[in-house]
Structure formats: C-alpha cells, structure tokens
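S.K.: Give the three-dimensional model of this entry:
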Amino acid sequence: MSRGKCESVESAQQHRPARGNDRSAARPAEPATALELLVHGVGGTTPEQMLDDPRTVRITGDDVAAVFRRADDVDAERRPAGDREEPVPEAYVWCNLTSGNGSRALWLLLLPFMVVNLAHWMRPTARGRRRTVRLYGLLVRLTGLSLTVLLVAAACEVALDLTAWQCAGTRACADRHSWLGFLSPETSDGGWWSAPGRRLALAALVPTALTGLLWFLSRRTWSAYESQQPMTRDPEPGEEDGAPTALSRPGFWYGRRLGARLRAAHTAAGLLTVAAAVGSAAARYDREPGGPAALAALGVVLEAVLAAAAGAAVWVVCRRGRSERRPDDALDRRLVRGLPLTALVLLALTVLYTGWERPGWGSSGRLPGDAAFGALTLAQGLLVIVLAGVAHALYRTDPDRRSAMRGLAGPAVAMLACALGGVMSGGISQRVADWLDGTGASVPGPPVLLTWQASVIPPLLLLLLVTCGWLARRAWLIARAERAEVEREYAGETGDPGRTRRIASVRAMAALTDRGPRILAVTSAATLLLGAGALVGALTTDETPGEAARGSSAVVHGAAETAQALGSWLIGLGFILLVTWGRRAYKDASARRTIGILWDVGTFWPRAAHPFAPPCYAERAVPDLTWRIATWTRSTGGRLVLSGHSQGSVLAAAAAWQLPPSVRRRVALLTYGSPLERLYGRWFPAHFGPDALGSLHQEVDCWRNLHRRTDPIGGPVRLPGDRGPAVDRPALKDPLAHGRTEAHPLPAPILGHSDYQADPAFAEERRRLLARLRPEVPAPRHTGEPGGGPPVRS
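M.R.: As a prediction, the model looks like this:
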C-alpha cells in the first residue's frame, strides 16, 4: 500500500483542535442523529479524499489506524440533528496496516506460508462434523509445519552442503571464491576452521539466523497488529450460540494462545532441522568401520533426542487448534519458552559434537539430504491427498454449487503452497550451485530431487501459457456476446462502435475473475502430477534429468537438458521479479490495485495454520470498527450506516458480526464493489457462505449492495429467494453514458472497481437506508467520558 497516501493520517494532526485528544462523541445526541462510517478498500486512500474535505481531524486512533472527521463535524453531536439533512461522515483509515516502506515487500518471500494459511480458512461448510473439521485444521497445520522445515532445509542445503561441505572442500571451487579460503583445507593449509565438522558448525549460523529472524518477525508483528483485545461482553438474552459463521464468535479475532504455541513449535522445528543437517554427516562418519566408538554412541543418543524433540514439536502442532468461542488469553508459558530453548540447546550440543576433532575426516560428495527432501516431498503429497478426501467428505454434508472447486479449493491451495516451497527451494539451490561451480564439474551440486523440482518449472509455465490462451479466447467470446448487450443497454446512444467494443471488453475481462477456480484446479492438478513425476524420477534414477535422459533420443535428452537449465534460471528471475514487483506494489498505486486484492485477502485471515505468514491486519481493524460502532451508538442512540468499499466491505461485515445483536439491529450496511460473495463466499464458504450472508442480512437493520458488470472484484451478494433483490441493486451502468449527452457533454469514464460514490445511485441508496433505520431512544444525558460505551469487560 502507498506510504504517500497513508502519511496523511499523520499530517492530518495539524488540523486538530486543541480541545482534547478524543472526540468520540462529546454529548448525547438527538434521536435522529445519523453517522456514516466509511471504510476504504484496496489501495488505501487519505481521509481528505474519503471525506471530500482538505481539513480533517483525527477523532480516535493512532498513526496506524484511525477514525477521521471533517473539522466542521467534530462537535456534530452537540448540535441539533435538524441542522443537517445528510449523515455525519466519518472515515476509518487502515491503509497503514498493510503499507510501509519497500522493505516490507520481502514478506512476499514467505508467500508459501501465507498460501497454506489461506487453505485453513477455505474448508467447506460442514453440518455436524466437528471431528472432521478438526482433522481438516490439523492436516493444514501439519502441512504448514512441513513448509517451515522445507524452508530451513533449503537454507541448510545452500549454506551447509553447497557452500561449506562441497565448495569449501573442493580446491577448484574454493579458489574461485576467495572468501571461502579460510574454510578450505588446501588453501588454508589445514587451518582450524578447515575441518569438515567445524565448517558445518560455522555455516549453521545462516539457517539458525533465518529461523531466529522468522521467530522475531512473527512475535513483533503479533504485538504490533494482532494483540488488540476484542470487546468482550455478556451474551444477550436470546442470543444464539450456534451462529452460521465463526466470525461472530468473541474469540475469532484474538488467537494469542494458538499463535504462541505454533510460533514455539515452528521455531523449534527449524532449529532441530539445522541440528539434524549439522550432525548427520558426523554421525554417518562415526558409524563407519573403524570410527570412534565413543562419538558413535554419542551420535546415536543425540539423534534419538533430536527425534524425540521433533516429535514434541509435532505434538504441539497437533494438540490444540483455535479457540474461538471466547478470547483465549491463556498462555502456555512453559511450553512457549521451553520448546524453542530446548531445541536451541540441542543445536548447540550438536554443533559441539560435530566440531569435535576427527583425524582423517574429509568432505566428499553431498551431505545426506536426498532422503530427507524426498521424505518431505512425499509427506506433503500425502497430506494434500488426505486433506482432499476430508474436504470432499465435508462438502458432501452441505453441498453448495457456488463453492470454488466444489469444496476442494483448500487442498488445491495447500498443494500450490507446497509447490511454491518446493520450486523456490529447488530453484534457489540450483542457482547457488551454478554460481559456486561455474564450470559445472568441480562439485556434485544440490540433491537430485531439488534439481528435478526446478526442472518442472518450464513444463508448468507452458501449461499456464496454454491456460492463458484459453482465457484469452473466453474473453474474446464474452466480449463479442456483450456487444449486443451494450447496444441494448445504451439504446439510442451507440453511435461509436469503438466505444461499444471497449465497454464490452472491460466487462469480459471483469468476468474472467469467475474462472479462477478452473485455473487453480488445472494448476494444482498439474503441480501434483509433475511433483510426483519429479519424486519418482529422482528416486529411481538418482541422477539429474539431463543425466537420466542420456542415451535416449536426441529430442528427449535435449528437452531434459533445456528444462533443467531453464528451471534454474527461471527461478532466479522469478525471485528477482517477486521482490521487484512487491516493492513496486508498495510504492505504485496502479500496481498495488493489480495485486492488492490478492494480498489483502491473504492477510485478512488470522495466522491459524502458520505463525510465520504475513501478519493479519483484520485482528486490529475489526476490533477498531466494533469498538467505534458500539460506543457511538450507545452514547448517542443515533442511526449508523456502515459503508464499505471493496475489502472495506469485508471488514464492515466482519465488524457487524462482532457487534451485540441489539447494536447490530441499529446498523445499516451499504457495500459497493464488494467481494463478499464473489471471492469470499466462493472461496471461504464456511465463513462467508449463503447461510452466513443470509443471517447478516436478517440481523442488521437493512443492507444494500451496489456492483457493476465492469468490476473485476465486486459483485452481487446473490442471496437466495426474495432476499437477493432486497440486498442487491441491479448492476449500475458503467459508463453512465455511452457518448456525449445533455447530462454528460464530455465522455464518461469506465470506472470499473473505483469511484462508486460518483454514481447517483450511491446517494439514493444511502438516503433509503437512513429512512429505513428506526431512531432509538437517546441515552441518558450523563455518560461519563466523551464517546461513552457499552458495558464491557476488559
């Protein structure tokens, strides 16, 4: 998100009156007082733009997220409600939760963690299958743990195997990289650090530092974003416990206990992975005939203890899921502190064991990592397959044809996360090996499986190109059909065929969003098959694809060599493009809108499956909105329209679910450009499915939704029966005029996802919502502090 736009959150302070720091509501208002709380969407904006006024004042909040008003409206509650016809506008600006400097684009390197976390929330709706739901969450958490192990193992492969073991142990390679001279036995003339065990011990600092960095980022971002206490309250009379969505549960947006447990388990797993990588070569040498018996026995004991500690980490991941029915403030301090510290102590003991003097020990070949990477890949494949079976069983309990991939979106996304992790690990390892070994003859290179995994990138990209071709053809067919619809919609105005084609093309491109499930299905299925082929090829041949194809036809051998070479280069290029694209997305508004919705969807959800995923901004934004709505309605007794655009409509719906039912009934909901059904309802049916959205429509006072056919993100809510027209207004015209008219003498722009408030329908729907809202009896005159508040328990 743009730092420039969000800086106005701080700069707006210069307009603040000197009458106090919090102007939530200075005095109880008349019964007809109305407030419109605006929540922006993807890309962020400024309070000045949202309120259409250069003079804005921060009412409540901080530099990260805050509520603003126009300077003239600060004391609106003090004035008689009849003085104004329009509601008092307030803007909740949350763009700093997802924005920052360009260095935050490095979160994109943890994309596999974010993707697997999404899989947790994509489970199908289930009826009466609580154990199956828990099994689904358990499988996703185990998949997330495997990704942490894979990332740290890839770092071990680069630092320990390729650099310290192979290159530093080979004179030809060490001579090309002078910074490795002190580790080379020949170059350093047998220096102290040149012993194989000590080289490995020193190189272990890299994956250990990586694991520590992940722990630090997870803990720091939790404190900054997700540690906000939700508004706890006593249940109201008649309030049902079995709500159709978990988003209404008091503890949904506060996952402190599970987050701490997962962070401890993943940190311990990373450190134990480093310990296993460091100690495996020494243990293998000690067990050889003639090896030191004492060290061999010590190695066996150490491996057994490492295995037991790894089992404990897995047990922690499996033992407990999310607790959503109440804010779980408990913290398993002994476990959270003891498990990582135990793993760190074991790593130190392993380093000491590996660095012990072993006369005659030299480094040759590769470290024993082939079997480990193979087992990890096989385990991930089996987890995804079992997860697909569990998801299908859940889907059958409550089928919904609108659900993406008929309930299999979660397993498909988990497969995509594993593929991203495998491709990044294999590609980076191959790229580093190519850089260290310029001639390609002095060192053995990375494990064969990683080379095979990097080699599947070209055929996968070829398949994606074919899919893009299919999408282009679909867009052309839709655009051709839309031309006639455009001519009917703008009857008497269609004098410009080029304008008609442009409108039809924009509608066709917007419709391609609904083809997302098919693209994911093809990609995930191809990834599973190609990954299985890579695993079989590596295990059966124990050679790289180029070597394995030697002796076959020239075409097959050439294709294998080309795929192997291209895979290595493509992953390096992709790595650079990922960082560059991420930095551009934080600085450039147009790029941010392109990928912003995907990133905002990914970071909307709490870190329930992976603690090292990017932080969840909604665990700050939803409590902010809930507190503001509840305190304002309580202190003023006024009417409130919650107005959300794009991702802001999702935050608005989540906040409405968190409100007490008595407050929820005093709120009207206005959404526009909303992905509530089109993206969230289809991809996250257990939380935004038809039952959940239908209950929201019944529980708020009224709800209206605006959408356009040119919008690639927003769409109708599609509630079944007569509830659909009650919520969805027919698609707005976009553009407002086809050509030049009396009302539009200049060509009207095609707005797509933006500027819904420019359409006259927006003001009309807002007036209707305010007219429908029933004024409540005002609160007592004395409310204590400005802004008041409902009776809550901290």
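
S.K.: going forward, measure contacts between C-alpha atoms and count neighbours the same way
M.R.: Fine.

S.K.: Quick check on the residue nearest to residue 713 when sequence neighbours are not counted: phi, psi?
M.R.: Closest residue in space to residue 713, ignoring its immediate chain neighbours: residue 675 at 5.8 Å, by CA to CA, 6 or more residues apart in numbering. For residue 675, the backbone dihedrals (degrees, to the nearest 10) come out as phi -90, psi 20.

S.K.: again with the one 3 residues further on
M.R.: The phi and psi values for residue 678, taken as degrees, to the nearest 10, are phi -60, psi -40.

S.K.: any idea how far it is from residue 404?
M.R.: As for residue 678, its distance to residue 404 is 10 Å (criterion: CA to CA, to the nearest Å).

S.K.: These two - which one has more neighbours?
M.R.: Applying other CA atoms under 10 Å to residue 678 and residue 404 shows that residue 404 carries more neighbours, namely 26 against 20.

S.K.: And the host helix or strand of residue 555, what does it pack against?
M.R.: Applying DSSP states H and E as the criterion places residue 555 in helix 554-587. Counting contacts by 3 or more CA pairs under 8 Å, 6 or more residues apart in numbering; DSSP states H and E, helix 554-587 is packed against helix 409-436, helix 448-455, helix 457-489, helix 545-548, helix 589-604.

S.K.: So for residue 534, which of those sits nearest?
M.R.: Closest to residue 534 of these, according to CA to CA: helix 448-455, at 5.3 Å.

S.K.: Give me the outermost residue of the chain relative to its centroid.
M.R.: Relative to the average C-alpha location in the chain, and by CA atoms, centre = their mean, no residue lies farther out than residue 290, which sits at 52.6 Å.

S.K.: Alpha carbons only: can I get stretch 688-705 in CSV?
M.R.: Listed next in CSV are the C-alpha coordinates belonging to stretch 688-705 (Å, rounded to 0.1, in the frame of the first residue of the first chain):
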residue,chain,number,x,y,z
PHE,A,688,-19.0,-16.3,4.1
GLY,A,689,-21.3,-18.8,2.6
PRO,A,690,-25.1,-18.3,1.8
ASP,A,691,-26.1,-19.1,5.3
ALA,A,692,-23.7,-16.6,6.8
LEU,A,693,-24.5,-13.7,4.5
GLY,A,694,-28.2,-14.5,4.8
SER,A,695,-28.0,-14.3,8.6
LEU,A,696,-26.2,-11.0,8.3
HIS,A,697,-29.0,-9.6,6.1
GLN,A,698,-31.5,-10.6,8.8
GLU,A,699,-29.6,-9.3,11.8
VAL,A,700,-28.7,-5.8,10.6
ASP,A,701,-31.5,-3.3,10.1
CYS,A,702,-31.0,-3.2,6.4
TRP,A,703,-28.4,-3.9,3.7
ARG,A,704,-27.9,-2.7,0.2
ASN,A,705,-25.2,-3.7,-2.2
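
S.K.: average pLDDT across that stretch?
M.R.: Per-residue pLDDT values across stretch 688-705 average out to 92.

S.K.: what do you get for stretch 556-572?
M.R.: Averaged across stretch 556-572, the pLDDT comes to 83.

S.K.: what comes up buried for that stretch?
M.R.: Within stretch 556-572, the residues that count as buried by 16 or more other CA atoms under 10 Å are 557, 560-561, 563-572.

S.K.: ok so, going back, correct me, but the residue nearest to residue 713 touches residue 711?
M.R.: No - at 10.0 Å, residue 675 and residue 711 do not qualify as touching, with contact defined as CA atoms under 8 Å.

S.K.: higher neighbour count, these two?
M.R.: Ranked by neighbour count (other CA under 10 Å), residue 675 and residue 711 place residue 675 first, with 26 against 22.

S.K.: For the more buried one, which residues are in contact?
M.R.: Applying CA atoms under 8 Å, 6 or more residues apart in numbering, one finds that residue 675 lies in contact with 646, 647, 649, 650, 713, 714, 715.

S.K.: Please identify the one among the residues you listed that lies nearest to residue 772.
M.R.: Taking CA to CA as the measure, residue 649 is the one of these closest to residue 772, at 20.1 Å.

S.K.: part of a helix, is the closest one?
M.R.: Yes - read with DSSP: H, G, I helix; E, B strand; the rest coil, residue 649 is one of the residues of a helix.

S.K.: what's the neighbour count on it?
M.R.: Per other CA under 10 Å, the neighbour tally for residue 649 reads 27.

S.K.: ok, now residue 519?
M.R.: Using other CA under 10 Å, residue 519 has 14 other residues around it.

S.K.: just the one 3 residues further on next, same as before
M.R.: Burial of residue 522, expressed as a neighbour count using other CA under 10 Å, amounts to 14.

S.K.: The one 5 residues further on now?
M.R.: Residue 527 has 21 neighbouring residues, counting by other CA under 10 Å.

S.K.: what's the answer for the one 3 residues further on, then?
M.R.: Burial of residue 530, expressed as a neighbour count using other CA under 10 Å, amounts to 20.

S.K.: how much space is there between the residue nearest to it when sequence neighbours are not counted and residue 522?
M.R.: On the basis of CA to CA, 6+ apart, the spatially nearest residue to residue 530 that is not a chain neighbour turns out to be residue 456, at 6.5 Å. Shown here: residue 456 relative to residue 522, a distance of 15 Å by CA to CA.

S.K.: now swap in residue 331 and tell me
M.R.: As judged by CA to CA, residue 331 and residue 522 stand 42 Å apart.

S.K.: so who does the closest residue to residue 193 other than its chain neighbours touch?
M.R.: Closest residue in space to residue 193, ignoring its immediate chain neighbours: residue 183 at 5.5 Å, by CA to CA, 6+ apart. Listed by CA under 8 Å, 6+ apart, the contact partners of residue 183 are 164, 168, 169, 191, 193, 194, 195, 199.
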